[in-house]
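Novice: Quick check, what structure comes out for this input:
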Amino acid sequence: SAFEFLDYSSAHYVSDIPITYEDGMSPQNHNGQFHGSISIHNALSNSWNLAAIQTLKEVTSAVGSKKVVEYLEGFGFDMSGETFTLGHAIGGWDHGTTPKEIAGAYAAIANGGTYIEPHTVERIEVISTGEVIYLDEDIQAEKATAISEESAFMIRDIMLSYARSGNYAVFNSAHQIAGKTGTTNYASSHPNKTLAGKSKDGWMSAFSPDYSWSVWVGYPDDVANEKNLWLKDKTDARDIAAEIAKILHKEGLQNKYPAQPETLVKADIVSGIYPYVIPGEDVPANRIVSGYFKTSNAPTRVVNAAKLNELKSFNASVENGKINVEFAEYDPVSMTKENPVPTKDYGGIVLPYLGDENQIYGRVVYKVDVKDILGNILHTEVFNTNTGTLSYKLTPGMYYSINGYYAFETGTGTSNIIEKQVIGSAESVVTPTTPSDDSTDDHSTDTQSSEPNIDSQTSENN
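Specialist: The predicted model follows:
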């Protein structure tokens, strides 16, 4: 639905973050962890519940639940008697669905977005009269568009890509099979304590250019409750579906998937940034991803530089002939680590977050320039932590300007610069005072004085 209503790209990143329902329930992932900003490919292939719920929340916030229900009905799902909630994203239905319904929905994805009601009878011949009733033709005539060609193509592309490896490798990729596993659990509050939290339903649904099929394994609720039965092997549905795939495709493929729609384009973007941006110079390779985009929402803006956070404090002092420096620690500190992953705090849970455009240029370092009285740079040094001692040797009695700022380890751009002035003396320790606010943005010194102002602090943007 996010492809259809929000025009998301196949390279979109979703949020696998904590969420609490209105009734106080907090759903979890099957591994009990949160993963922050992740690709749709990652979310689907690993069945991360919270990413699915957050994405459905975005859709319903944008278009309303009524439109989402109509969307599901367009795929053949019976929504009568269902009270729609975000739990539908992870199988939290009141009455559930059937393998036939899911197979019909998957067929719509396979054939370009057109839904045809699943049926098992092609025609009926009345022997006494010779009349032939062509059920298949009648049903084909009532086919309807469930999803756009563009959305169907992108969903199919993602599902095909992850179905070639991992838990899905049991399928023969030569047959262009895409699929999705699914497991539902009994509620932790289930009255039968033996079943509480145990696996209840196991699913595997798949499609190829020729067929779609769906497998469910489990026990009827009354039988499960009476005999304390639950799914102990979560791979049964997958393995059965794989055997069906072999039988269905023993003669090879007869058809092809619909071609890429002309209204879809492929492009590179910076991962996790929305609205989408095209990577410019110096963007690290690990932040560049490729995907399909509807032409109406294709990226157009190129990002070439990012702003670093403001440097709020910087101090320099001389001790034993060496310059010691101290910066305000960069926030988030994770950006100063090797192979940095930008993060965000979700109520005390810190998770990867790629949505900040100012954090796409990799590692942030603490940088110092030593200048002489004329402004010439004598020495530049980079630190990976917010404190350090410069390796530069001072000349006793000489005045120096010490400029501190944040910078990217690779690429261009810096934060504002704070300047401190010191005297090269092995005996003295100079700790400049903080000036008044109206001098913060003034990078000049007193031109009428024969000596520099040791206590000045300036700030400028570079």
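
Novice: Next, count neighbours for Gly64.
Specialist: 12 (other Cβ atoms under 10 Å). Placement of C-beta: from N, CA and C, glycine included.

Novice: Likewise for His30?
Specialist: When neighbours are counted by other Cβ under 10 Å, His30 registers 13.

Novice: check contacts around it.
Specialist: 47, 49, 183 (Cβ atoms under 8 Å, 6 or more residues apart in numbering).

Novice: What is the end-to-end distance of stretch 304-322?
Specialist: 37 Å (Cα to Cα, to the nearest Å).

Novice: How about it, which residues are buried there?
Specialist: Within stretch 304-322, the residues that count as buried by 16 or more other Cβ atoms under 10 Å are 306, 308-309, 311, 314-318.

Novice: cool, stretch 19-39 as well?
Specialist: Here stretch 19-39 shows 19, 27, 29, 34-39 as buried, counting by 16+ other Cβ under 10 Å.

Novice: Now Lys420: closest residue in space that isn't a chain neighbour?
Specialist: Ala316 (4.1 Å; Cβ to Cβ, 6 or more residues apart in numbering).

Novice: Just the ones in strands from the buried residues of stretch 304-322, please.
Specialist: 314-318 (DSSP state E).

Novice: I'd like to know which of the residues you listed is nearest to Gly362.
Specialist: Distance to Gly362 across these (Cβ to Cβ) is lowest for Phe314, with 22.0 Å.

Novice: roughly how far apart are the closest one and Tyr399?
Specialist: Phe314 is 18 Å from Tyr399, where distance means Cβ to Cβ, to the nearest Å.

Novice: Can you show me the strands along the stretch 101-250 of the chain?
Specialist: 114-115, 124-125, 132-133, 144-145, 178-185, 199-207, 212-218 (DSSP state E, counting those that start in this stretch).

Novice: Of those, which is nearest Leu231?
Specialist: Among these, the nearest to Leu231 by Cβ to Cβ is strand 199-207 (3.9 Å).

Novice: Direction included, what does the closest one pair up with?
Specialist: strand 178-185 (antiparallel), strand 212-218 (antiparallel) (DSSP bridges).

Novice: bridging residues for Lys322?
Specialist: Using DSSP bridges, the beta-bridge partners of Lys322 come out as Glu319.

Novice: re earlier: out of the contacts of His30, which is most surrounded?
Specialist: When neighbours are counted by other Cβ under 10 Å, Asn49 leads the contacts of His30 with 20 neighbours.

Novice: who touches that one in this structure?
Specialist: When contacts are counted by Cβ under 8 Å, 6+ apart, Asn49 touches 27-30, 89-90.

Novice: Identify the residue spatially nearest to it, adjacent ones excluded.
Specialist: Closest to Asn49 by Cβ to Cβ, 6+ apart is Ile90, at 4.6 Å.

Novice: I figured that neighbour hits Pro27, correct?
Specialist: Yes. At 6.8 Å, Ile90 counts as touching Pro27 under the criterion of Cβ atoms under 8 Å.

Novice: can you list residues touching both of those two?
Specialist: Counting by Cβ under 8 Å, 6+ apart, the common neighbours of Ile90 and Pro27 are 49, 53.

Novice: picking that back up, can you pull the pLDDT of the residue nearest to Asn49?
Specialist: Predicted confidence (pLDDT) for Ile90: 90.

Novice: ok, now how distant is it from His175?
Specialist: From Ile90 over to His175 the distance is 29 Å, taken as Cβ to Cβ.

Novice: Comparing the two, which residue is more hemmed in?
Specialist: Comparing Ile90 with His175 by other Cβ under 10 Å, the one with more neighbours is Ile90, at 21 against 17.

Novice: what sits against that one?
Specialist: With Cβ under 8 Å, 6+ apart, Ile90 has these contacts: 27, 49, 52-53, 184.

Novice: where does this structure have low pLDDT?
Specialist: Within the chain, the ranges that satisfy pLDDT under 70 run 172-173, 426-462.

Novice: on that earlier part again, in strands only, show me the contacts of Ile90.
Specialist: Residues of those located in strands (DSSP E): Thr184.

Novice: so which of the contacts of Ile90 comes closest to Asp221?
Specialist: Within the contacts of Ile90, proximity to Asp221 (Cβ to Cβ) peaks at Thr184, which comes in at 11.9 Å.

Novice: Please look at that closest one and Asp201 and confirm they touch.
Specialist: Yes. With contact defined as Cβ under 8 Å, Thr184 counts as touching Asp201 (4.4 Å).

Novice: Now list whatever residues contact both of the two.
Specialist: In contact with both Thr184 and Asp201: Gly91, using Cβ under 8 Å, 6+ apart.

Novice: Can you name the residues that contact the residue lying farthest from the centre of the chain?
Specialist: For the chain, the residue at maximal distance from the C-alpha centroid (Cα atoms, centre = their mean) is Ser128, at 62.5 Å. By Cβ under 8 Å, 6+ apart, the contact list for Ser128 is empty.

Novice: now swap in Ser37 and tell me
Specialist: 13-16, 271-272, 351-355.

Novice: mind checking the SS state of Ala89?
Specialist: The local conformation at Ala89, judged by DSSP: H, G, I helix; E, B strand; the rest coil, is helix.

Novice: ok, now how distant is it from Tyr400?
Specialist: According to Cβ to Cβ, Ala89 and Tyr400 sit 60 Å apart.

Novice: Highest mean neighbour count out of the strands of the stretch 101-250 of the chain?
Specialist: strand 199-207 (a mean of 23; mean count of other Cβ atoms under 10 Å).

Novice: rewinding a little: may I ask which two of the buried residues of stretch 304-322 are separated the most?
Specialist: Farthest apart among those - using Cβ to Cβ - are Ala306 and Val318, which lie 33.8 Å from each other.

Novice: Neighbours of Ser45, how many?
Specialist: Close neighbours of Ser45, defined as other Cβ under 10 Å, add up to 20.

Novice: tell me the contacts of it?
Specialist: Ser45 touches 162, 166-168, counting by Cβ under 8 Å, 6+ apart.

Novice: make it 7 Å
Specialist: 162, 166 (Cβ atoms under 7 Å, 6 or more residues apart in numbering).

Novice: i'd like the first residue to be 34 from this point on
Specialist: Sounds good: first residue 34 from here, last item Ser78.

Novice: State the distance from it to Ala196.
Specialist: 8 Å.

Novice: for Arg396, same thing?
Specialist: 35 Å.

Novice: nearest spatial neighbour of Val383, skipping sequence neighbours?
Specialist: The shortest distance from Val383 to any non-neighbouring residue, by Cβ to Cβ, 6+ apart, is to Thr376 (5.1 Å).

Novice: what does Lys377 give?
Specialist: Using Cβ to Cβ, 6+ apart, the closest residue to Lys377 is Tyr386 (3.4 Å).

Novice: again, but for Gly215
Specialist: Trp236 (3.8 Å).

Novice: So for Gln454, which of the strands of the stretch 134-283 of the chain sits nearest?
Specialist: So among the strands of the stretch 134-283 of the chain, strand 211-218 is nearest, using Cβ to Cβ, at 64.3 Å.
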